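Colleague: Sequence plus predicted model, see below.
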Amino acid sequence: MQDDLERILFDEGTILARLDEIAAAITEDYRDRELTVIAVLNGSLIFMADLLRRIPLPLKLDCLSVASYHGGTKSAGEVVFRQVALPDVQGRHILLLDDILDSGLTLEVIRRRLEEANPCSVRICVLLEKKIPRTGPTHADYVGFEISNEFVVGYGLDYMERYRNLPCIGVLRKDFIDSK
Ligand code: IMP
Ligand code: MG
């Protein structure tokens with residue numbers, strides 16, 4: 001699998017060291033608040049598992065499943081919720097977790113839906129943020145790493161549902177994107 005990468009951006013040790021830092025910041029910020037984490041599946045699964053075990057606070061965990069990419073490398077411009085019932089967020093401090101902030105459409109749509117249900121606050125935490133101009137208002141409060149505008153896989157991120165189990169994050173070879 002690793003041979004399909006053009007180059008590795010972050011190895012496992014680098015990712016976990018950064019998670020220590022983000023987890024420390026989140027722990028500090030939510031020390032006196034009732035935290036509810038909502039993870040956006042499937043991309044944030046591995047990130048969520050490693051991050052949450054570094055946050056020694058009582059918290060609730062919920063997951064949301066949405067589709068925004070439909071398997072390719074370009075956003076379809078539409079976000080489809082795969083479940084009807086949303087987690088109960090009323091009166092809670094919500095931390096939304098996702099793998100990557102690309103156009104920001106996915107997180108913006110989710111944030112708006114959650115805000116309709118009167119949470120106390122909604123913050124966003126992403127492992128990766130692409131450095132691209134964004135038209136929408138989406139901003140991540142906690143960011144693992146900023147990356148350039150390339151298609152990356154591994155550590156939860158997929159291409160056509162593959163590569164999620166790679167322990168590192170890397171840029172997928174262009175010939176793999178075109179031919180498979
Ligand atoms: P956005 O709505 O454009 O911000 O896209 C968000 C979703 O697209 C993410 O949650 C990912 O699932 C997917 N995505 C965006 N960029 C990449 C990438 O470089 N590799 C893998 N998935 C990506
Ligand atoms: Mg995703």
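Modeller: Yes, it's here. Ligands and ions are numbered 1, 2, ... in the order given.

Colleague: neighbours of E115, just the number please.
Modeller: As a burial measure, E115 scores 13 neighbours (other Cβ atoms under 10 Å). Where C-beta positions appear, they are placed from N, C-alpha and C, glycine not excepted.

Colleague: next one: H139
Modeller: Neighbours around H139, by other Cβ under 10 Å: 14.

Colleague: Spatially nearest residue to it, not counting backbone neighbours?
Modeller: The shortest distance from H139 to any non-neighbouring residue, by Cβ to Cβ, 6 or more residues apart in numbering, is to I124 (7.2 Å).

Colleague: Now the element after the helix or strand hosting that neighbour, going C-ward?
Modeller: I124 is part of strand 121-130, with elements assigned from DSSP states H and E. Counting by DSSP H and E, the element after strand 121-130 in chain order, helix or strand, is strand 142-147.

Colleague: sorry, back to before: the residue nearest to H139 pairs with what?
Modeller: Beta-bridge partners for I124, by DSSP bridges, are L96.

Colleague: That one contacts T106, correct?
Modeller: No - between I124 and T106 there is no contact under Cβ atoms under 8 Å: 10.6 Å.

Colleague: ok, the residue nearest to H139 - contacts?
Modeller: Applying Cβ atoms under 8 Å, 6 or more residues apart in numbering to I124 gives the contacts 95-96, 98, 101, 107, 111, 138-142.

Colleague: Turn these into CSV, columns for pLDDT and distance to ligand 1.
Modeller: Formatted as CSV, these follow (pLDDT from 0 to 100; distance: Cβ to the nearest ligand atom, whole Å):
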residue, pLDDT, distance to ligand 1
L95, 98, 16
L96, 97, 11
D98, 97, 5
L101, 95, 5
L107, 93, 6
R111, 94, 12
T138, 81, 8
H139, 90, 12
A140, 95, 10
D141, 97, 15
Y142, 98, 15
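
Colleague: No further questions, thank you.
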